[in-house]
Each structure stands twice: as C-alpha cells, then as structure tokens.
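1. need coordinates for the below:
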Amino acid sequence: MGRVLGPLLVVVGLGLVVVGLLAWSGALGWFGRLPGDLRVEGQRSRLVVPITSMLLVSVVLTVVVNVVLRWLR
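-> A predicted model of the protein is given here:
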C-alpha cells in the first residue's frame, strides 16, 4: 500500500500546486461566471451558486481519477 500511496500523494500535491498557480495568476477568473451559474446581488449581500462550474469540476475530476486508477492497475 505504501508503494502506491506515496506516488499518488505526490501527484495530488503537484495537481494542487498547479491549480493554486492558475488561481493566483488569474487564469481561473471564469470560474463562477459560466452560463448556468447563479449570481444574486443585493445592496449589502451577494449570493453565488456556481452550478455549472461545479458540474464541470466534477466531470474533470471523475475523468482524472478514472485515468489514474486505470494507470495504477
């Protein structure tokens, strides 16, 4: 288990670093602004429900996890 878990943690960590760098550089500015994302703004409050963005993230993560699992078998 340790021989599989170590490289998997390294890959997950590198993925988080890449996503962090993309968010820091502003490349993820579209997140939460896709068609289907709900934005309600009042005078003193704002509500953002990124439905479409979360569906996109879910699909991408599902594909990535399936590819990694097939690669490890």
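2. what about residue 72, distance to residue 33?
-> 35 Å (CB to CB, to the nearest Å). C-beta: built from backbone N, CA, C; applies to glycine.
3. look at these two and report which has more neighbours.
-> residue 33 (12 against 9; other CB atoms under 10 Å).
4. pull the distance from whichever strand or helix holds residue 57 to the chain's centre.
-> Using DSSP states H and E, residue 57 maps to helix 51-72. In terms of CA atoms, centre = their mean, to the nearest Å, the centre of helix 51-72 is found 9 Å from the chain centre.
5. and that helix, what does it pack onto?
-> If contacts are counted by 3 or more CB pairs under 8 Å, 6 or more residues apart in numbering; DSSP states H and E, helix 51-72 sits against helix 2-25.
6. contacts for the helix it packs on, please.
-> Residues from elsewhere that reach helix 2-25 (CB atoms under 8 Å, 6 or more residues apart in numbering): 28, 64, 68, 72.
7. now it and helix 51-72, what's the angle there?
-> Here helix 2-25 runs at an angle of 150 degrees relative to helix 51-72 (axes from the mean of the first three to the mean of the last three CA atoms, to 10 degrees).
8. list the contacts of the following helix or strand past helix 2-25.
-> For helix 2-25, the succeeding helix or strand toward the C-terminus, using DSSP H and E, is strand 38-41. Applying CB under 8 Å, 6+ apart, the contact partners of strand 38-41 are 32, 33, 46, 47, 48, 49, 50, 51.
9. stretch 42-61 now?
-> 31, 32, 34, 35, 36, 37, 38, 39, 40, 41.
10. number of nearby residues for the first one?
-> As a burial measure, residue 31 scores 15 neighbours (other CB under 10 Å).
11. what is the neighbour count of the nearest residue to it once chain neighbours are set aside?
-> The shortest distance from residue 31 to any non-neighbouring residue, by CB to CB, 6 or more residues apart in numbering, is to residue 53 (5.3 Å). Residues near residue 53, counting by other CB under 10 Å, number 18.
12. can you give me the pLDDT of residue 53?
-> We have a pLDDT of 94 for residue 53.
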